[in-house]
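1. Build me a structure from this.
(2 chains)
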Amino acid sequence: MNKVDISVILASSIHESKNAVGNLMYQLQTLKSELEVPLEQVEKINNIEEGLKQLNDEWVEYLYLFKLASDGYDLQTETWQVNEFLDDQVFVLSQSASAKNLILDYQCDESLLANFDERLLTSVISTAVYNALRFANNKITLRAELRNDFLVFLIDDDGPGFSDAEDEEQEFLQNNTGLGLYFAELSAQAHTNKGNQGYIEKSESTILNGACLSIYIPQ
Amino acid sequence: MAEVDFSNQRALLIEDMAEARILQKKMLSDFGFKQIEMAMKAESAIELLRQNTYDVVLSDYNLGSGKDGQQLLEEVRHSNLIPNTSTYLMVTAETSIEMVMGAIEYQPDGYISKPFSQALLQRRLLKLVESKQKLYSVNQALDKKDYELAIKKAAQVTEDFPYLESKCARIKGDCFLELKQYDNAVDLYQTALKERKMPWALFGLAKAYFFKGNYDEAESRFRQLMLDNRFFVNAYDWLAKCQIKQNKIAEAQATLIDAVAKSPKAILRQIELGELSAKLNDFQTAEMSFRRAVFLAKHSIYSNSSIYFQHLKSFIGIAKEHELTGRQVDNFKITLKKIQKLFGDNPKIKSGSYEIEIELFITLDKIGQAKSAHLLYKQDIEMGLSVPKTERFIKKIEPLLGD
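-> Numbers count the residues shown, from 1 in each chain, chains lettered A, B, ... in the order given. The predicted structure follows:
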């Protein structure tokens, strides 16, 4: 057999798995609507649904990551209402937050318009929020604002904050926080405009005192 | 969010996977749609779109082995099978490795990624319908092809709803191009590009330059678009147009061969490549392109007899240089049968198919077969099933029959 590019094979396997997960979710949804499920079971089904959704979103992240890292992603920027975009993200992720008894909300100027790749940023935000869900005590807040020539998305939580561990490499290998950050970084960098390139910043949250991840997208 | 009453509306659901289709149909009926029709493939969707007008179309991007959702959208938009006032929502399985999303000329009103919950679909649909309502007067003008009015209405919408500015600018640009007001188009696109390098504006600018006859200006921008997004195959098509205008036919052919390799299912591109190759006397490539076009023409709105005839003619071109292989002869016969089956009751087309059949037999030096076809041809003419022979046939082909 010829030598094969294993990363391509893995990526297409992930794609297949992702579609299979999607199919399971459809079947579960159909089942849920057809069966009269007692209340205490509904929660269990919701948990399964929630788990499958996170799995799906994770696969999506890995696929984007593969494309970004292998230089195979073609950015699709368009003009979006940022307020609506964040509203969408909160809508989709709120079930995950409430399953953990956490509050997820957003703050954004209603008139803010900006250019970015909506599908890619959707994956970045969900990755960041799933990550924050593991650390937050009560609350996660999404924000967006214009700073100079950049649109900045901020994901704040009230958890312990980023460890200033110098062994980031260790972190990268031990959990997927590092991978998620790497994904956010590549996604931000993929956005360029007028000589500016996107980037990310880790800091302490000024509004919730936990961690704050900022994603800078040049405008 | 807007209150939208779907109970008077008609929806078309296009999805090849049974599980998803059942669930999505249930979702749509829960939203209150009065009528929901379903198609499993692009081809059957086109049939339905020909017969009916739908308020909402929910189409999957992946539709099995036939046309994909984007090609379907291009065909129905191109041929006005769906009004601009309708809402078209494309369902995508995010990040398909081979997904081609660079399409800019024909876009759906929105995308939603699979899998989605009922609540999310409802939300997306309501938001889309809401902005479609705001753009209603613009789209209505577009449907009537009143581009002056569309420009006026788009300016009004921009003023009332600033967030629709870029959408309206795009529409205005398209209208300027339709109205052949190329200088206005250039101004509009350049203004948009000053803000940011948006692909739609760059594409529009390149087209405007093309129509103005500034082929170098146009070419460099189409090339830029190809660099920015490898999957933006429309830019290849337009680059080929530039090259044809500049009489660089061989380069244009190479451009289209590239484009076809990236996106082989687009019938118009196959036809264009076939015609170009025939012009270059490259009948092998012409035959391949027209063979694919004939295959794609099934159920396509672009199906017409000329595709089939050009396929047949490419065999004659090949036969003049080489012996035809058995397989090529078979392919010739297959396409000939298709013409007769699809268009056989049209005497003119029937006549054409006889003439090309006889010409091929002569080229292959099979005079006996040519003569028997000639006999049938003459009988059909007498019975009125074929129209009289063409002048070319009488002058160039008949003498070679030797009787």
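
2. What segments of chain A are strands?
-> According to DSSP state E, chain A carries its strands in the segments A:78-81, A:103-108, A:113-116, A:139-147, A:150-157, A:192-193, A:196-197, A:199-204, A:211-218.

3. For A:L55, find the nearest of these.
-> Across those, A:L55 has its closest neighbour in strand A:103-108 (19.4 Å, C-beta to C-beta). For the C-beta atoms, the positions are set from N, CA and C on the backbone; glycine is no exception.

4. Would you list the strands that that closest one pairs with, along with their directions?
-> Using DSSP bridges, strand A:103-108 pairs in its sheet with strand A:139-147 (parallel).

5. buried set for the partner strand?
-> A:139-144 (16 or more other C-beta atoms under 10 Å in any protein chain shown).

6. what's the answer for stretch A:55-70, then?
-> For stretch A:55-70, burial by neighbour count (16+ other C-beta under 10 Å) applies to A:55-68.

7. cool, and stretch A:110-118?
-> A:112-118.

8. Contacting chain B as well, which ones from those residues?
-> Counting by C-beta under 8 Å from any C-beta of the partner chain, A:113, A:115 from the buried residues of stretch A:110-118 sit close to chain B.

9. Next, format the buried residues of stretch A:110-118 as a markdown table and append distance to A:N196.
-> Listed next are these as a markdown table, based on distance: C-beta to C-beta, whole Å:
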| residue | distance to A:N196 |
| --- | --- |
| A:L112 | 18 |
| A:L113 | 18 |
| A:A114 | 13 |
| A:N115 | 12 |
| A:F116 | 13 |
| A:D117 | 15 |
| A:E118 | 19 |
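
10. export the buried residues of stretch A:110-118 to CSV and tack on pLDDT and distance to B:E359?
-> Formatted as CSV, the buried residues of stretch A:110-118 follow (pLDDT from 0 to 100; distance: C-beta to C-beta, whole Å):
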residue, pLDDT, distance to B:E359
A:L112, 93, 67
A:L113, 91, 62
A:A114, 93, 62
A:N115, 91, 58
A:F116, 94, 59
A:D117, 91, 54
A:E118, 91, 56
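
11. List just the nearest of the buried residues of stretch A:110-118 to A:V21.
-> Nearest to A:V21, judged by C-beta to C-beta, of those is A:E118 at 22.1 Å.

12. Please name the nearest non-neighbouring residue to the closest one.
-> Of all residues not flanking A:E118 in the chain, A:W80 sits nearest, at 5.7 Å (C-beta to C-beta, 6 or more residues apart in numbering or on different chains).

13. Likewise for B:E359?
-> B:I397 (5.4 Å).

14. Pull the contacting residues for the one you found.
-> Residues near B:I397 by C-beta atoms under 8 Å, 6 or more residues apart in numbering or on different chains: B:355, B:358-359, B:362.

15. follow-up on the earlier one: would TSV of the strands of chain A with distance to B:A18 be doable?
-> Output for those, formatted as TSV (distance: least, C-beta to C-beta, whole Å):
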stretch	distance to B:A18
strand A:78-81	33
strand A:103-108	35
strand A:113-116	36
strand A:139-147	37
strand A:150-157	39
strand A:192-193	43
strand A:196-197	45
strand A:199-204	42
strand A:211-218	39
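
16. for the ones you listed, which one sits closest to A:E185?
-> strand A:199-204 (5.0 Å).

17. The closest one versus strand A:211-218: what angle between them?
-> 160 degrees (axes from the mean of the first three to the mean of the last three C-alpha atoms, to 10 degrees).

18. in strand A:199-204, what counts as buried?
-> Under the neighbour-count criterion of 16+ other C-beta under 10 Å, strand A:199-204 has A:199-200 buried.

19. next one: stretch A:3-12
-> For stretch A:3-12, the neighbour count (16+ other C-beta under 10 Å) marks A:A11 as buried.

20. hmm, who's touching that stretch?
-> A:62-63, A:66-67, A:70, B:97.

21. quick one: average pLDDT of that stretch?
-> What stretch A:3-12 shows for mean pLDDT is 82.

22. I'd like the distance from it to the chain centre, please.
-> Here stretch A:3-12 is found 24 Å from its chain centre; the criterion is C-alpha atoms, centre = their mean, to the nearest Å.

23. the helices in chain A, which residues?
-> Here chain A has its helices, by DSSP state H, at A:6-34, A:39-69, A:82-99, A:118-135, A:168-174, A:176-190.

24. Residue numbers of chain A in contact with chain B?
-> Contact residues, chain A versus chain B (C-beta under 8 Å from any C-beta): A:11-12, A:15, A:18-19, A:21-23, A:25-27, A:29-30, A:33, A:53, A:56, A:60, A:63-64, A:67, A:74-79, A:81, A:84, A:88, A:91-92, A:111, A:113, A:115, A:119, A:123, A:193-194, A:219.

25. run the last query once more with 7 Å
-> Applying C-beta under 7 Å from any C-beta of the partner chain, we find that chain A lies next to chain B at A:11-12, A:15, A:19, A:22-23, A:25-27, A:29-30, A:33, A:56, A:60, A:63-64, A:74, A:76, A:79, A:81, A:91-92, A:113, A:115, A:119, A:193.

26. first to last residue in stretch B:358-370, what's the distance?
-> 5 Å (C-alpha to C-alpha, to the nearest Å).

27. that older thread, which pair of the buried residues of stretch A:110-118 spans the longest distance?
-> Farthest-apart pair in the buried residues of stretch A:110-118 is A:L112 and A:D117; separation 16.8 Å (C-beta to C-beta).

28. ok so, going back, for the buried residues of strand A:139-147, which one is nearest chain B?
-> For the buried residues of strand A:139-147, the residue nearest chain B by C-beta to the nearest C-beta is A:A144; the value is 14.5 Å.

29. ok, now which ones touch the closest one?
-> For A:A144, the contact set (C-beta atoms under 7 Å, 6 or more residues apart in numbering or on different chains) comprises A:82, A:86, A:108, A:112, A:151-153.

30. go on, A:S96?
-> A:50, A:54, A:130, A:133.

31. ok, of those, which come out buried?
-> A:54, A:130, A:133.

32. Name the nearest residue to the second one, ignoring sequence neighbours.
-> Counting by C-beta to C-beta, 6+ apart, A:Y130 lies nearest to A:Q54, which is 6.3 Å off, once chain neighbours are set aside.

33. can I assume that neighbour is in contact with A:N131?
-> No: using C-beta atoms under 7 Å, A:Q54 is not in contact with A:N131; the gap is 11.2 Å.

34. in stretch B:137-151, what counts as buried?
-> Here stretch B:137-151 shows B:137-142, B:147, B:149-151 as buried, counting by 16+ other C-beta under 10 Å.

35. okay, how far is it across that stretch, tip to tip?
-> Stretch B:137-151 stretches 10 Å from its first residue to its last (C-alpha to C-alpha).

36. From chain A, how far out is B:R21?
-> Distance of B:R21 to chain A, given as C-beta to the nearest C-beta, to the nearest Å: 10 Å.
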